[in-house]
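Student: no sequence on hand, only this structure:
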């Protein structure tokens, strides 16, 4: 059960159809992959994903340096490992590149722990439920033409998803964005919620004006309307609309989560596995959501987040945006709008080693 070694790799996986996200072109999904090996022959894997390559090599270098402290540690001591590695580089933390570099290692350790004990991660963390409601989140960027957008939404609705999420423009007028929601609702039908994500692209005035137009058009979820640090502004927006105001993927620490919850800034908190620094801290922030009776979702990486959301009472919905299908032999897929964690030791994911070698930098 002792850790023998840890290897870090960088992968660049081209996307089939390039798109624009938050005004930036996206042509690949970048991964930092960690492999933990134990003295009794077990390998645990973990990775983070970003649709841009900026600083991913730096994150990988940070993970490599942090992993130098792993040999000899016991995979059962997840808290001690996380604290020890974070302590080595706390002068550049908490948060930021430190957490991004910690996350793939921490996920790999939990995978190795599950394999050591013969249990899936969702059961190690509590096993609250066996499946999680999923919503579709891919192929609905603002750069996608209306006809293609509606085609994707119809496919998701036919597959049984109860929700689809559109990305919105930072600059388009409210009427234009509301019209896009109306087109989406026409394609989705009456039983599918059309969710929208502004990706922190608006100031407060824009958020109020556009939010009103979107709610009138039938949007059922408003995500990241303004900067995540503006708790007062978010709280005012939350009180203004009937649709839930959501966000949180940019929070790194328990202190930020606390400030958000105390301000009653959001109806639903979305946690990002990489930003919070992996599974070990993720479960603590989720428990904070439960304490405030605020549901918790996960930001992308559904194949791992589904384990976490299935393990806690506050777990709400999993965002289905698969960015790692090309390197996995067994990417889980929602069925009739619900997604189950793989019922295998660890997170259960198996790498396609030929694909990993092909995409490795």
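Tutor: Nice, I can see it. It should be emphasised that the depicted structure is a prediction, and the values quoted were computed from it without experimental measurement. Residues are numbered from 1 along each chain as shown.
Student: longest helix of this structure?
Tutor: Determined from DSSP state H, the single longest helix within the chain is helix 96-117.
Student: buried set for that one?
Tutor: 97-116 (16 or more other C-beta atoms under 10 Å). (Each C-beta comes from the backbone N, C-alpha and C, glycine too.)
Student: so how far is that helix from its chain's centroid?
Tutor: For helix 96-117, the separation from the chain centroid amounts to 15 Å (computed by C-alpha atoms, centre = their mean, to the nearest Å).
Student: please apply the same query to stretch 335-342.
Tutor: A distance of 16 Å separates the centroid of the chain from that of stretch 335-342, by C-alpha atoms, centre = their mean.
Student: who's in contact with that stretch?
Tutor: If you take C-beta atoms under 8 Å, 6 or more residues apart in numbering as the criterion, stretch 335-342 is touched by 120-122, 130-134, 159-162, 302-303, 306-307, 310, 318, 320, 330, 332-333, 347-349.
Student: just the buried members of the residues you listed?
Tutor: Looks like the contacts of stretch 335-342 have 120-122, 131-134, 161-162, 302-303, 306-307, 310, 318, 320, 332, 347-349 buried, using 16+ other C-beta under 10 Å.
Student: OK, contacts around residue 28?
Tutor: 12-15, 51, 53.
Student: what about 6 Å?
Tutor: 12-14 (C-beta atoms under 6 Å, 6 or more residues apart in numbering).
Student: restricted to strands, list those residues.
Tutor: 12-14 (DSSP state E).
Student: with these in mind, which one is nearest to residue 325?
Tutor: Ranking the ones in strands among the contacts of residue 28 by separation from residue 325, with C-beta to C-beta as the measure, puts residue 13 on top at 9.0 Å.
Student: what's the burial count for residue 39?
Tutor: Residue 39 has 12 neighbours, counted by other C-beta atoms under 10 Å.
Student: let me fix that, I meant to ask about residue 72.
Tutor: If we define neighbours as other C-beta under 10 Å, then residue 72 has 9 of them.
Student: quick one: it from residue 319, how far?
Tutor: 37 Å (C-beta to C-beta, to the nearest Å).
Student: show me how the protein divides into domains.
Tutor: Using automatic domain parsing, the domain ranges for the chain come out as 3-118+352-359, 123-339.
Student: any chance of the ones you listed in a markdown table with mean pLDDT as columns?
Tutor: Shown next, in a markdown table, are the domains of the chain (pLDDT from 0 to 100):
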| stretch | mean pLDDT |
| --- | --- |
| domain 3-118+352-359 | 95 |
| domain 123-339 | 97 |
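Student: name the SS class of residue 348, please.
Tutor: coil (DSSP: H, G, I helix; E, B strand; the rest coil).
Student: now it, nearest residue through space, not along the chain?
Tutor: In space, and not counting its chain neighbours, residue 348 is closest to residue 342: 3.0 Å by C-beta to C-beta, 6 or more residues apart in numbering.
Student: what is the neighbour count of the one you found?
Tutor: That count, for residue 342 with other C-beta under 10 Å as the rule, works out to 19.
Student: show me what contacts residue 225?
Tutor: 198, 202, 207, 237.
Student: distance of the last one from residue 206?
Tutor: For residue 237, the distance to residue 206 under the criterion C-beta to C-beta works out to 11 Å.
Student: these two - which one has more neighbours?
Tutor: residue 237 (21 against 17).
Student: so that one belongs to a helix, correct?
Tutor: Yes. Counting by three-state DSSP, one finds residue 237 located in a helix.
Student: which helix or strand lies directly C-terminal to the longest helix of the chain?
Tutor: Next helix or strand after helix 96-117 toward the C-terminus (DSSP states H and E): helix 121-124.
Student: list the helices and strands that next one packs on?
Tutor: Helices and strands touching helix 121-124, by 3 or more C-beta pairs under 6 Å, 6 or more residues apart in numbering; DSSP states H and E, are helix 96-117, helix 302-311.
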